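>>> Sequence isn't available, so here's the structure alone:
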């Protein structure tokens, strides 16, 4: 058995050298990161019994053989240290022990908790991991253990490959890597960030890591141009509890009153569940000099809307309902029964998590939503979560609110889109979100390598 040590700056170059010098039958005994690159110990005429004997152990049949060196990787190699005959046995024992310990550690991790499997395709690799890991009933415990072991090792390998690709992409295209970091700090989701990068053109043409990506992001944000504040209408604000529906209604009513007076405005409280809901809305209405009507159920709401058919602006404050409420579908069906008489606007808090925003938009989308109102952007640490959810769900943004002042803190999205993105950047100074490089590697490793 002939053993050699190969050292080079990356795994691709080392493996090509192993294949060229030792052939396709060579096996990899161990690999590790060392100063100056990657160290690989490879052998020809591998003898497992000899390995176990050198380690002072009985031969084992349950360990899989070391990986073959023929991985189909391309590149050049520079450094290599040959192992002399006197050192071979000791080196053989040392590196075999290290490989066995790493294998047992991978087995323990795989048995403890399954690793998430990332896409197998990686830029620069000639081969793909195409392992069917679908759980099936396996009678032989050793096969089940091997299957879990392969799944764990695959997750470890793909994590390492993503890290190498991200590091290589960052070195070759620092501007693109900084763009992705900036978008991540804004809270922009990876799928939306990929769409933004797709609009930027070649990475080597990037001159501004903020202005160009923000302009591309602005093009992706859907907005609606509402004529509610000029022409009036019948609008119901729907959404979860505590997102600011009542305060937003007060802002809309006050803004309309400033332009058209209060004679044609009516407010309807359709929240029969929250204690003090009507009193809260009445407090705002008394300041404006507007009357408030209470609707106890959808049928009562229909009768009230018939009485208010001569009013130009009717704003309806509905009860806050969680997107996971068991009765949400029934309540949405009751609101939807009013047909085209109502325009529904979904009210969302900018402080909510992205997953919660996605779920809320999907559930409340059972009624025809005319648009969204994003509130509390002055309290949010990142606005990217709300923007990503709106882009992904293709829900147009109508208004945004950024405070409690009535009616000053209400802004039309179609005229303030760039202002909204500026506010998203301003949030960074206050919250100072951190970017985890391992997360960046997992989300954008392949992307950075493709554009580098």
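That came through fine. Fair warning: this is a prediction, and the values are worked out from it, not measured in the lab.
>>> Give me the neighbour count for residue 33.
Residues lying near residue 33 (other Cβ atoms under 10 Å) number 10. For the C-beta atoms, the positions are set from N, CA and C on the backbone; glycine is no exception.
>>> low-scoring pLDDT stretches of the stretch 1-150 of the chain, where are they?
1, 46-142 (pLDDT under 70).
>>> ugh, wrong one, I meant the stretch 151-300 of the chain
Confidence mapping of the stretch 151-300 of the chain against pLDDT under 70 gives the ranges 155-170, 203-207, 272-277.
>>> just the strands in it please.
Applying DSSP state E, counting those that start in this stretch to the stretch 151-300 of the chain gives strands spanning 233-238, 265-270, 292-294.
>>> any idea which of the ones you listed is most buried?
Comparing those by mean neighbour count (mean count of other Cβ atoms under 10 Å), strand 265-270 comes out on top with a mean of 24.
>>> still on that earlier bit, which one of the strands of the stretch 151-300 of the chain lies closest to residue 311?
Among those, the nearest to residue 311 by Cβ to Cβ is strand 265-270 (4.6 Å).
>>> by how many degrees do the closest one and strand 233-238 diverge?
Between strand 265-270 and strand 233-238, the angle comes out at 30 degrees (axes from the mean of the first three to the mean of the last three Cα atoms, to 10 degrees).
>>> returning to what we had before: so which of the strands of the stretch 151-300 of the chain gets nearest residue 400?
Of all the strands of the stretch 151-300 of the chain, strand 233-238 sits nearest to residue 400, with 13.9 Å by Cβ to Cβ.
>>> In terms of secondary structure, what does that closest one contact?
Secondary-structure packing of strand 233-238 (3 or more Cβ pairs under 8 Å, 6 or more residues apart in numbering; DSSP states H and E): helix 245-260, strand 313-318, strand 343-349.
>>> Residue 394 touches residue 221, doesn't it?
No: checked against Cβ atoms under 8 Å, the pair residue 394 and residue 221 is beyond contact range at 10.7 Å.
>>> Give me the more crowded residue out of these two.
Using other Cβ under 10 Å, the more surrounded residue of residue 394 and residue 221 is residue 221, with 18 against 8.
>>> Show the contacting residues for the more buried one.
If you count contacts by Cβ atoms under 8 Å, 6 or more residues apart in numbering, residue 221 has them with 387, 390-391, 397, 417, 420.
>>> okay if I get those as CSV plus secondary structure?
What follows is the contacts of residue 221, written out as CSV (DSSP: H, G, I helix; E, B strand; the rest coil):
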residue, secondary structure
387, helix
390, helix
391, helix
397, strand
417, helix
420, helix
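>>> got the residue ranges for the helices in the stretch 151-300 of the chain?
Counting by DSSP state H, counting those that start in this stretch, the stretch 151-300 of the chain has helices at residues 174-186, 190-198, 211-220, 228-231, 245-260, 277-288, 298-307.
>>> Same list (these) but as JSON lines, adding distance to residue 31.
Formatted as JSON lines, these follow (distance: least, Cβ to Cβ, whole Å):
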{"stretch": "helix 174-186", "distance to residue 31": "26"}
{"stretch": "helix 190-198", "distance to residue 31": "29"}
{"stretch": "helix 211-220", "distance to residue 31": "37"}
{"stretch": "helix 228-231", "distance to residue 31": "64"}
{"stretch": "helix 245-260", "distance to residue 31": "58"}
{"stretch": "helix 277-288", "distance to residue 31": "65"}
{"stretch": "helix 298-307", "distance to residue 31": "67"}
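>>> Is it possible to get TSV of these that adds distance to residue 326 and mean neighbour count?
Listed next are the helices of the stretch 151-300 of the chain as TSV, based on distance: least, Cβ to Cβ, whole Å; neighbours: other Cβ atoms under 10 Å:
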stretch	distance to residue 326	mean neighbour count
helix 174-186	35	21
helix 190-198	30	18
helix 211-220	35	17
helix 228-231	32	15
helix 245-260	21	21
helix 277-288	21	17
helix 298-307	18	15
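>>> Quick one: closest of those to residue 323.
Among those, helix 245-260 comes nearest to residue 323, with 14.4 Å by Cβ to Cβ.
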